[in-house]
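> Have a look at this prediction, sequence included:
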Amino acid sequence: VSSPGKRGGRGGARATMLALMQRQTKAAYVAAKAGRSGGGSSRCRCWAAHNQRKQRTPQQPLPFQTQLIRKQMPSQQLLQQDRSLAGATTLENVGQTTDSANSITITAPDDWHLHLRDGQVLGDVVPHAASHYSRAIVMPNLTPPVTTASLAAEYEARIAEQIPSGSAFKPLMTLYLTDDTPPEEVHRAKAQGVLAFKLYPAGATTNSSSGVTDIRKCFATLRAMEETGTILLVHGEVVDPAIDIFDRERVFIETILPVILDNFPGLRVVMEHITTKHAVNFVREAPDTIGATVTPQHMLLNRNALLVGGIKPHFYCLPILKREEHRRAIVEAVTTGDSHFFLGTDSAPHPRGAKESACGCAGIYSSPVAMPIYAQIFEEAGRLDQFEKFASINGAKFYGLPRNARTVTLVKEDWEVPATYRFGDDVVVPICAGATLPWKLVQ
């Protein structure tokens, strides 16, 4: 669609754009309906002064946010929601991109937070990850969870069977931390090459019922991790029902995280999938022993995308999407190339029926499309030159691993994200399903 100033000026472009989106929205709803009918409290002392840090001007929201959201909205609501969706992106700038090079070549990226699931669906999920990343930190929240080094070895073998021939993809295994994880398991895991343990507060997210109920029960194990250089990956939310779901990350940072860091100052910690300006400020002022992964959805969408105009189950994830001010703070921090922040998609597939239900599962599938989304975000911020640090350098440095030797190229080429991908006997709906993205990954 033409940009403002072409084909009859701003008014003509606006009318053309609105008509196109109305047709696309109607078609998407008809297709979806047909598919369903067919069956289917203080900060840690070492950086307590971070509240005095001066904030920079946040970046403008992405043009394709509105396009993406409106694909899931009834057409009669498009005009009314013009100023409320995804940072008040206007109709006129939907689909436009900033001027930049037509291609970028970077060191091959890694995904430092990935869910591959298990069983039959591994054959559908692993190839997507392997075609986009050289390495990936694999989450251990299976049923039952991966709690021992021996279980991790068995899971790694099942993943390896599904890696396409000729691929150099390497899964990096983690263990699931429980109240009862013995310190000895840390030493066994370290000897086997396991890089990290994952802290899930019990009940915080998918398959977390076996998680930690009181961090103090894990002190002996955390001490062993600190001594061996094993990394702690943190799902940073409290699960107290008295705490509003939108405040759970902030409260975790103010209450639980200082307990960990004050008692184990040498422990290397990754705050996973950060979602708030509070997390951004905390990490930016932290020592080099603290890092953070950032997902495409938390850089792309705010909570309006999930809730305005009807609930969008395929935008539901945990931690939940937050206010626009938080999204902008994340984009501003990440696109500077700050070494504390690195790519972690938290790609978490669920079958479509499990998402489109009365109690939809939390998780967004992004593995096949995350790199183009991240590239667009960096381009819109005017910081495409910092993209390689985030995608390919910062994470490897934090984990003490070498940079990948090979490179990948992204080209400026429009492509439409498939409506679904195969997922065992079902399908999974990816983020940006049906949307046109301006960047495409080529090998």
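Nice, I can see it. As the structure is a computational prediction, the values presented were derived from the model and not from experiment.
> what lines up beside the host helix or strand of residue 233 in the sheet?
Using DSSP states H and E, residue 233 sits within strand 231-234. As defined by DSSP bridges, the strand partners of strand 231-234 come to strand 196-199 (parallel), strand 269-271 (parallel).
> Pull the next helix or strand along the chain from it out as CSV, backbone CA atoms only.
Using DSSP H and E, the helix or strand that follows strand 231-234 in sequence is helix 248-263. These are the backbone C-alpha positions of helix 248-263, laid out as CSV (Å, rounded to 0.1, in the frame of the first residue of the first chain):
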residue,chain,number,x,y,z
ARG,A,248,4.1,-9.5,39.7
GLU,A,249,7.5,-8.8,38.0
ARG,A,250,8.0,-5.5,39.9
VAL,A,251,7.2,-7.1,43.2
PHE,A,252,9.6,-10.0,42.5
ILE,A,253,12.4,-7.6,41.8
GLU,A,254,11.6,-5.7,45.0
THR,A,255,11.3,-8.7,47.3
ILE,A,256,12.6,-12.0,46.0
LEU,A,257,15.5,-11.1,43.8
PRO,A,258,17.4,-9.1,46.5
VAL,A,259,17.2,-12.1,48.7
ILE,A,260,19.0,-14.2,46.1
LEU,A,261,21.6,-11.6,45.1
ASP,A,262,22.4,-10.4,48.6
ASN,A,263,23.1,-14.0,49.8
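> Which of the helices and strands in this structure ranks last by mean pLDDT?
Ranked by mean pLDDT, DSSP states H and E, the weakest helix or strand in the chain is helix 9-37, scoring a mean of 38.
> State the pLDDT value of the closest residue to residue 119 other than its chain neighbours.
Among residues not flanking residue 119 along the chain, residue 424 sits closest, at 7.5 Å (C-beta to C-beta, 6 or more residues apart in numbering). In this view, the C-beta of every residue, glycine as well, is placed from N, C-alpha and C. Residue 424 carries a pLDDT value of 97.
> Not counting its neighbours along the chain, what's nearest the most centrally placed residue in the chain?
By C-alpha atoms, centre = their mean, the chain has its centre lying nearest to residue 295, at 2.2 Å. In this structure, residue 295 finds its nearest non-sequential neighbour in residue 346, 4.7 Å apart by C-beta to C-beta, 6+ apart.
> surely the one you found meets residue 292?
No - with contact defined as C-beta atoms under 8 Å, residue 346 does not reach residue 292; the gap is 12.0 Å.
> Which residues does stretch 185-196 contact?
Residues external to stretch 185-196 that are found in contact with it (C-beta atoms under 8 Å, 6 or more residues apart in numbering): 137, 147-149, 152-153, 172-175, 197, 221, 224-225, 228-233, 270, 399.
> Could I have the buried ones of these as ChimeraX selection syntax?
To isolate the buried ones among these in ChimeraX, judged by 16 or more other C-beta atoms under 10 Å, type:
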select :137,147,148,149,152,172,173,174,175,197,221,224,225,230,231,232,233,270,399
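> Show me the strands in the chain, by range?
103-107, 111-114, 135-138, 170-172, 174-176, 196-199, 231-234, 269-271, 290-294, 341-343, 407-416, 421-423, 426-428, 436-442 (DSSP state E).
> What's the mean pLDDT across the second one?
Taken as a whole, strand 111-114 has a mean pLDDT of 98.
> what about residue 403, how many neighbours?
Residues near residue 403, counting by other C-beta atoms under 10 Å, number 14.
> Identify the residues contacting it.
Shown in contact with residue 403 (C-beta under 8 Å, 6+ apart): 107, 392, 393, 396.
> what residues are up against the last one?
If you count contacts by C-beta under 8 Å, 6+ apart, residue 396 has them with 110, 402, 403, 404.
> is residue 411 in a bridge, and if so with what?
residue 103, residue 440.
> That one and residue 440 touch, don't they?
Yes - Residue 411 is in contact with residue 440 according to C-beta under 8 Å; the separation is 5.6 Å.
> number of nearby residues for residue 402?
Neighbour count of residue 402, defined by other C-beta under 10 Å: 7.
> How about residue 101?
12.
> Make TSV from the strands paired with strand 231-234 and add mean pLDDT to it.
Output for the strands paired with strand 231-234, formatted as TSV (pLDDT from 0 to 100):
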stretch	mean pLDDT
strand 196-199	98
strand 269-271	98
